[in-house]
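Colleague: prediction below, plus the sequence it came from.
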Amino acid sequence: MTNPLRSEEAGATRSFIGIDVGGTFTDFVLWRNGQLLIHKEPTTPADQSVAIVAGLARLGVGDPLMPLQIIHGMTVATNALLERKGARTALLTTRGFGDLLMIGRQNRPELYSLQQQRPPALVGDALRLEIGERLNAAGDVLTPLDEAALPKLATQLQREGAESLAIALLFSYANPAHEERIAARLRELLPGLPLSISSEILPEYREYERTATTVINAYVQPLVSRYLTRLESALAGGAGRTLRIMQSNGGIIAPGQAGKQAARLVLSGPAGGAVGAFAVAEQAFATRAPGTPVNLLTIDMGGTSTDVALCPGRIPTTAESSITGLPLRLPVIDIHTVGAGGGSIAFVDAGGVLQVGPRSAGAVPGPVCYGRGGTEPTVTDANLVLGRLDPAGFLGGSGEIQLDIAVARQALSHLGDQLGLTPEAAALGVLRVANATMERALRTVSVEQGYDPRTFTLFPFGGAGPLHACDLADALQMQRILAPTIPGVLSAFGMLVADVSADASLALLTTTAALNQSPELVMAGLASLRFRLAEALSLEPETEEGMVVPDYSAALDLRYRGQSYELTVPLTLPVTPIGMGSAESAFHAAHAQRYGYAMEGEPVESVTLRLRASIPGARPSLPRLKGAAAASARLAARDVWFEARAPHRCTAWQRSHLRPDDRLEGPALVLQYDATLVIPPGWTATVDETGNLWIER
């Protein structure tokens with residue numbers, strides 16, 4: 001565990017802990033009595049709660065009677081989808097639409113492949129069920145619900161061993177009566193069967209996306225509910241101990257709500273990283289560059305994957321994401337993920353070409369250098385062979401994991417033999433391939449969205465992000481990098497600063513002109529959404545001061561008439577004609593930014609109304625550094641390879657001993673408990689008042 005960081009803030013007496021479960025490590029950030037403590041515990045894939053309980057004990061907060069607020073980012077839902085190990089799920093839909101999930105949009109993920117491979121379906125043929133009923137697009141009943149068929153359907157669900165049921169009827173977003181009646185009757189017939197109802201999960205138009213999102217929720221809900229029940233039991237304590245769960249939208253919610261709408265947790269961990277990055281950057285910019293827009297390109301490189309996001313002065317959100325080829329139309333932070341992490345395995349393919357990932361060594365057995373049975377070289381092994389990791393100082397020299405450079409070199413030597421390269425040259429090749437994958441991801445969220453990455457600050461975090469930051473900045477011609485104080489556990493820190501929040505949406509399907517003429521449509525929609533959000537937030541435990549009144553923010557999904565896609569823009573509350581006009585103007589500007597043109601004379605359609613309720617979270621800020629260094633920050637110089645010809649002699653620095661305005665010239669290494677920062681030749685780093693490093697050419 002690192003030396004604690006102390007806060008100057010008065011009255012910081014409450015205890016909060018953020019916990020982020022990653023593919024290799026489970027990260028902990030504890031805020032207690034104005035002090036910040038961090039810890040990394042190897043993830044236990046079979047039961048993630050085992051690592052959580054062990055980490056709490058190591059941090060001295062394992063006593064269940066100790067008052068503590070726990071904010072947890074989880075990968076249970078994500079892993080269930082990626083590995084296709086969710087519940088045995090059934091789908092009930094309108095007669096004639098049972099194959100909707102299989103037909104989808106008929107997109108071709110690989111345009112020129114003659115043998116398209118679709119992922120296994122979440123719902124098998126025998127479990128795609130239909131029922132007689134029909135609504136029209138306005139929600140009027142064309143065919144009444146065949147209630148007499150429900151007992152037979154219940155028997156069929158039992159016979160097929162269904163563990164969860166998704167109910168998604170045609171046009172139910174306009175009238176949920178049939179879905180609600182089916183749910184009520186099936187709860188009587190099958191009281192133990194978890195139900196996911198599309199009019200509750202996603203009351204929006206587009207039948208395929210609504211059905212797919214509801215099925216995803218049904219597929220992961222039983223696993224998530226069981227995990228949360230097990231975790232709450234393991235962490236059970238007194239009245240002062242509470243648990244909240246990180247959502248994909250960057251907010252946190254009580255376990256009861258999280259268990260009901262488990263699909264909202266699919267990008268739980270990466271969302272914490274984006275929230276933490278923006279919070280740290282806001283504080284850093286306010287002191288070093290006040291008035292400068294906080295424009296970030298974030299890169300979170302962990303053990304299994306890398307998550308990137310573009311933050312143009314705000315945390316970006318979207319309602320159009322996908323997971324394992326299925327659309328997930330729920331509000332999420334707009335994050336792009338690629339299979340390049342510290343544990344990504346390097347290999348030579350059948351054509352003799354070096355490849356890296358997406359297959360990963362994960363937590364077990366992990367990279368070869370961990371000495372846990374791994375035999376295939378990974379990105380971490382390559383960094384170790386190149387001298388970019390300190391074998392004796394890994395995880396602060398705690399001895400929890402000993403890096404074995406000899407076996408790592410042997411693995412890279414075997415890889416190099418296949419390519420006719422030395423171990424160092426092969427290791428450099430591994431890094432270049434991994435960097436190319438991450439560079440493409442960064443271009444996807446910046447250049448392809450109409451943004452110039454050269455005008456942004458690169459913000460690297462995750463256990464491996466700072467190792468690759470300067471190489472990626474070089475590739476994108478970026479001039480500045482902001483390396484946070486605790487990069488390896490930043491996602492867990494983000495959970496501490498996240499707000500309690502809930503989202504709700506409502507289909508509108510009209511023009512903005514019609515809304516201007518009839519503002520009561522928006523008013524009624526907002527009232528309905530407020531009621532739904534109040535129900536969600538009613539599950540939140542009260543604070544010592546009682547339940548805080550939430551802040552509300554609204555948005556509209558708008559498009560030009562004839563378009564099949566929308567852009568989300570903010571809607572000022574309370575709703576006024578001026579506010580509606582501002583939303584339309586914001587849409588024209590967003591369209592021009594994204595697609596290079598706007599059609600201001602064309603009618604604009606409003607597709608979806610969105611409302612978000614937020615209650616401020618703990619929001620601890622990083623403490624300021626003070627006093628003289630406990631010892632010299634300069635460590636023994638060492639050889640680091642930046643090119644295959646010969647290594648560079650690099651100065652190494654102990655980050656915990658650096659102080660504000662210290663200046664580091666590359667080539668250099670900055671070592672700390674949770675990560676290592678590589679500063680190549682030609683780059684210079686300066687320490688700010690909270691210990692962040694500003695790295696520039």
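Modeller: On my side now, so go ahead. Residues are numbered from 1 along each chain as shown.

Colleague: quickly list the domain ranges of this protein.
Modeller: Domain assignment for the chain by automatic domain parsing gives 81-225, 268-341+434-496, 345-431, 500-541+548-615, 634-696.

Colleague: quick one, which of these is nearest to R241?
Modeller: domain 500-541+548-615 (9.9 Å; C-beta to C-beta). Heads up, the C-betas are built off the backbone N, CA and C, glycines and all.

Colleague: and the closest one, what's its mean pLDDT?
Modeller: Here domain 500-541+548-615 scores 90 as its mean pLDDT.

Colleague: mean neighbour count, the domains of the chain: which tops it?
Modeller: domain 268-341+434-496 (a mean of 22; mean count of other C-beta atoms under 10 Å).

Colleague: I'd like the distance from that domain to the chain centre, please.
Modeller: From the chain centre to the centre of domain 268-341+434-496 is a distance of 10 Å (C-alpha atoms, centre = their mean, to the nearest Å).

Colleague: where along the stretch 101-250 of the chain do the helices fall?
Modeller: 150-159, 177-189, 198-201, 207-234 (DSSP state H, counting those that start in this stretch).

Colleague: sorry, that was for the stretch 551-697 of the chain
Modeller: Along the stretch 551-697 of the chain, counting by DSSP H, counting those that start in this stretch, helices occupy 577-595.

Colleague: which residues in it form strands?
Modeller: In the stretch 551-697 of the chain, the strands defined using DSSP state E, counting those that start in this stretch lie at 551-560, 567-571, 604-615, 634-640, 648-654, 663-665, 668-671, 676-679, 684-687, 693-696.

Colleague: ok, which of the ones you listed comes nearest I131?
Modeller: Nearest to I131 among the strands of the stretch 551-697 of the chain is strand 604-615; the distance by C-beta to C-beta comes to 26.8 Å.

Colleague: which helices and strands does that closest one pack with?
Modeller: Contact partners of strand 604-615 among helices and strands, from 3 or more C-beta pairs under 8 Å, 6 or more residues apart in numbering; DSSP states H and E: strand 500-511, helix 512-517, helix 520-537, strand 551-560.

Colleague: now do 10 Å
Modeller: strand 500-511, helix 512-517, helix 520-537, strand 551-560, strand 567-571, helix 577-595 (3 or more C-beta pairs under 10 Å, 6 or more residues apart in numbering; DSSP states H and E).

Colleague: of all those, which lies closest to Y451?
Modeller: Counting by C-beta to C-beta, Y451 lies closest to helix 577-595 out of the helices and strands packed on strand 604-615; the figure is 8.1 Å.

Colleague: SS state for the closest residue in space to L389 that isn't next to it in sequence?
Modeller: Spatial nearest neighbour of L389, excluding adjacent residues (C-beta to C-beta, 6 or more residues apart in numbering): N383 at 5.1 Å. Going by DSSP: H, G, I helix; E, B strand; the rest coil, the secondary structure assigned to N383 is helix.

Colleague: N383 contacts T676, doesn't it?
Modeller: Yes: applying C-beta atoms under 10 Å, one finds N383 in contact with T676, separated by 8.0 Å.

Colleague: overlap of the contact sets of the two?
Modeller: Contact with both N383 and T676 is made by residues L389, A464, L467, according to C-beta atoms under 10 Å, 6 or more residues apart in numbering.

Colleague: from those, which is closest to G96?
Modeller: Among these, A464 lies closest to G96 (C-beta to C-beta), at 50.0 Å.

Colleague: that closest one contacts D307, doesn't it?
Modeller: No: with contact defined as C-beta under 10 Å, A464 does not reach D307; the gap is 11.9 Å.

Colleague: now do the shared contacts for these two.
Modeller: Residues touching both A464 and D307 (C-beta under 10 Å, 6+ apart) are I299, D300, M301, G341.

Colleague: circling back to that earlier point, out of the helices of the stretch 101-250 of the chain, which gets nearest to A592?
Modeller: From the helices of the stretch 101-250 of the chain, taking C-beta to C-beta, the stretch that ends up closest is helix 207-234, at 26.0 Å.

Colleague: adding pLDDT and distance to V379, write the shared contacts of N383 and T676 out as CSV.
Modeller: Shown next, in CSV, are the shared contacts of N383 and T676 (pLDDT from 0 to 100; distance: C-beta to C-beta, whole Å):
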residue, pLDDT, distance to V379
L389, 93, 11
A464, 92, 7
L467, 96, 9
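
Colleague: mind listing the strands for the stretch 251-400 of the chain?
Modeller: Using DSSP E, counting those that start in this stretch, strands in the stretch 251-400 of the chain cover 252-253, 295-301, 306-312, 317-318, 321-323, 326-328, 332-333, 336-338, 344-348, 354-360.

Colleague: now the helices: where do they sit in the stretch 351-500 of the chain?
Modeller: 379-385, 405-419, 423-445, 465-476, 490-497.

Colleague: wait, S322 touches L267, no?
Modeller: No: S322 is beyond contact range of L267, at 11.0 Å (criterion: C-beta under 10 Å).

Colleague: give me the neighbour count for A236.
Modeller: For A236, the neighbour count with other C-beta atoms under 10 Å is 11.

Colleague: can you put the strands of the stretch 251-400 of the chain in a markdown table and add mean pLDDT and distance to L671?
Modeller: Formatted as a markdown table, these follow (pLDDT from 0 to 100; distance: least, C-beta to C-beta, whole Å):
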| stretch | mean pLDDT | distance to L671 |
| --- | --- | --- |
| strand 252-253 | 90 | 32 |
| strand 295-301 | 95 | 17 |
| strand 306-312 | 93 | 22 |
| strand 317-318 | 87 | 36 |
| strand 321-323 | 82 | 36 |
| strand 326-328 | 86 | 39 |
| strand 332-333 | 92 | 30 |
| strand 336-338 | 87 | 27 |
| strand 344-348 | 95 | 23 |
| strand 354-360 | 90 | 24 |
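
Colleague: relative to R159, which of these is closest?
Modeller: Taking C-beta to C-beta, strand 326-328 is the member of the strands of the stretch 251-400 of the chain nearest to R159, at 26.6 Å.

Colleague: can you tell me which helices and strands the closest one packs against?
Modeller: Strand 326-328 packs on helix 207-234, strand 321-323, going by 3+ C-beta pairs under 10 Å, 6+ apart.
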